[in-house]
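K.L.:
Generate coordinates for the sequence data below:
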Amino acid sequence: MKTLNFVIFFGIFFTIYGLINYYIFIRGLHAIPQNSSIRIYYIILFLILSLSYIAGRLLERVWLSPVSDVLIWTGSFWLGAMLYFIIALLFIDILRLVNHFITIFPSFIIANVAHTKQFIAYSITLFVLIIVLIGSINANSPRIKTLNLTIPKKVQSVKSLNIVAASDIHLGTIIGKHRFDNIVSKINSLHPDIVLLAGDIVDEDVTSVIDDNIGESLKNIKSKFGVFAVTGNHEYIGGVEQSCRFMTKNGINVIRDSSVFINDIVYLVGREDRTINRFTDRRRKTLEELMTSVNINYPVILMDHQPIGLDEAVENKIDLQISGHTHNGQLWPLNFIAEAIYEISWGYKKIDDTQFYISCGVGTWGPPIRTGNRPEIVNIILEFE
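P.N.:
Alright, predicted model coming up:
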């Protein structure tokens, strides 16, 4: 059954991917005169762009190399460009459809159709390049998001806790050592008491992360009481046991369907990602099961990668839940889809006595660009009464 689901999923994915690329390709080809020598170069370039991501991901599994890196980088940028090409082309085609019934185009547009097609093609390409450039710069400029929260519970030893949380780093070919070192530097500059990594620390196959010596960067994260992580769906996609061994080896405490009591201050509960049943024969424990070993007289923080079923946290008296996963769509206008799917797609919300913060993440998945939001490291100053 799992194999069948896998085949169906990728069958649908490749069909949609192929249709979108064909639509962009054919619309671009129509803008090039039939007798132009540019057509053959356009066809070759388009084939390289549209196939490079898939080819790179397949190649890295058998030969991790500069060739696979170049293919993945090229294809990743194309994934982002695809979105904005399709938006621009659909907009133009909607205008053409309207003009078919009601004339809205001025005469100078329809006077020379071939020239108009070329002008629109160049304009759209320039528009997409600018968007991709701005989005790439934004993706490499994480901000510090500061929250001041209060949990109405007394803790004898301290009055507050300085928490730094980061989710969806997606370490791998795109988020390499240099970029992650910048993230680590920002985390350390906040002098955290604890650091919480809310899933998708590793993108897919951990091999590229190991080869890039990112383990040393993980070891460089400084905090008073330790660095704690939970699994995300990408840890399972790439091989959860290998990813968790890698993190543990490099100083990260991975909490997998269990809880820890940190320095007699706060309970930290970590859940396995909800995709566990898709990739293994195991199921994740219910939150009720996990809470049997937790004293709720103390503050309780839950890390659960995907912000689904928030009522479960409320029912089990969780004080603060930290999640990620959504990226809040990462690319505008996909944020509207994310907001329709998740009760909280990004940001803070309080439901009864439970506080939630869903991070848009500090890394990127797929396109190394962000246009829907700015990546963030979350600094939570948690005070106790």
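
K.L.:
Need phi/psi at residue 161.
P.N.:
phi -140, psi 130 (degrees, to the nearest 10).

K.L.:
That one: how many residues sit nearby?
P.N.:
24 (other Cβ atoms under 10 Å). From N, CA and C alone the C-beta is placed, and that goes for glycine too.

K.L.:
and if you look at residue 382?
P.N.:
Residue 382, neighbours per other Cβ under 10 Å, totals 24.

K.L.:
which strands and helices sit next to the helix or strand where it lies?
P.N.:
Using DSSP states H and E, residue 382 maps to strand 376-384. With contacts defined as 3 or more Cβ pairs under 8 Å, 6 or more residues apart in numbering; DSSP states H and E, the secondary structure elements packing on strand 376-384 are strand 143-151, strand 160-166, helix 177-189, strand 320-323.

K.L.:
one more time with 10 Å
P.N.:
Packed against strand 376-384, as judged by 3 or more Cβ pairs under 10 Å, 6 or more residues apart in numbering; DSSP states H and E, are the following elements: strand 143-151, strand 160-166, helix 177-189, strand 194-197, strand 320-323, strand 354-358.

K.L.:
and those as TSV, adding distance to residue 266?
P.N.:
Shown next, in TSV, are the helices and strands packed on strand 376-384 (distance: least, Cβ to Cβ, whole Å):
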stretch	distance to residue 266
strand 143-151	8
strand 160-166	6
helix 177-189	19
strand 194-197	8
strand 320-323	9
strand 354-358	13
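
K.L.:
Dump those into a markdown table; add mean pLDDT as well.
P.N.:
Shown next, in a markdown table, are these (pLDDT from 0 to 100):
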| stretch | mean pLDDT |
| --- | --- |
| strand 143-151 | 98 |
| strand 160-166 | 98 |
| helix 177-189 | 97 |
| strand 194-197 | 98 |
| strand 320-323 | 98 |
| strand 354-358 | 98 |
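
K.L.:
Go through the ones you listed and name the closest to residue 31.
P.N.:
Residue 31 lies closest, by Cβ to Cβ, to one member of those: helix 177-189, at 36.3 Å.

K.L.:
got the angle for that closest one vs strand 376-384?
P.N.:
20 degrees (axes from the mean of the first three to the mean of the last three Cα atoms, to 10 degrees).

K.L.:
what helices or strands is helix 177-189 leaning on?
P.N.:
strand 143-151, strand 160-166, strand 194-197, helix 207-211, helix 214-219, strand 376-384.

K.L.:
what's the distance between the strand holding residue 382 and the middle of its chain?
P.N.:
Its chain's C-alpha centre and that of strand 376-384 lie 21 Å apart, by Cα atoms, centre = their mean, to the nearest Å.

K.L.:
Which residues belonging to it are considered buried?
P.N.:
Residues of strand 376-384 classed as buried: 376, 377, 378, 379, 380, 382, 384 (neighbour count, 16 or more other Cβ atoms under 10 Å).

K.L.:
that older thread, any chance of TSV for the helices and strands packed on helix 177-189, columns distance to residue 286?
P.N.:
Listed next are these as TSV, based on distance: least, Cβ to Cβ, whole Å:
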stretch	distance to residue 286
strand 143-151	23
strand 160-166	24
strand 194-197	22
helix 207-211	32
helix 214-219	30
strand 376-384	26
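
K.L.:
which one of those is the most hemmed in?
P.N.:
A comparison of the helices and strands packed on helix 177-189 by mean neighbour count, using mean count of other Cβ atoms under 10 Å, puts strand 194-197 on top with a mean of 26.

K.L.:
Restrict it to CA atoms and write it as PDB.
P.N.:
Extracted C-alpha coordinates of strand 194-197, given in PDB (Å, rounded to 0.1, in the frame of the first residue of the first chain):
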ATOM      1  CA  ILE A 194      18.000  26.800  25.500                       C
ATOM      2  CA  VAL A 195      17.900  26.400  21.800                       C
ATOM      3  CA  LEU A 196      14.900  24.600  20.200                       C
ATOM      4  CA  LEU A 197      15.000  23.200  16.600                       C
END
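
K.L.:
Which other helices and strands does that strand contact?
P.N.:
Packing partners of strand 194-197 (3+ Cβ pairs under 10 Å, 6+ apart): strand 160-166, helix 177-189, strand 227-229, strand 253-254, strand 266-270, strand 300-303, strand 376-384.

K.L.:
Repeat the analysis, applying 8 Å as the threshold.
P.N.:
In terms of contacts (3+ Cβ pairs under 8 Å, 6+ apart), strand 194-197 is packed against strand 160-166, strand 227-229.

K.L.:
Since that was my last question, I'll sign off now.
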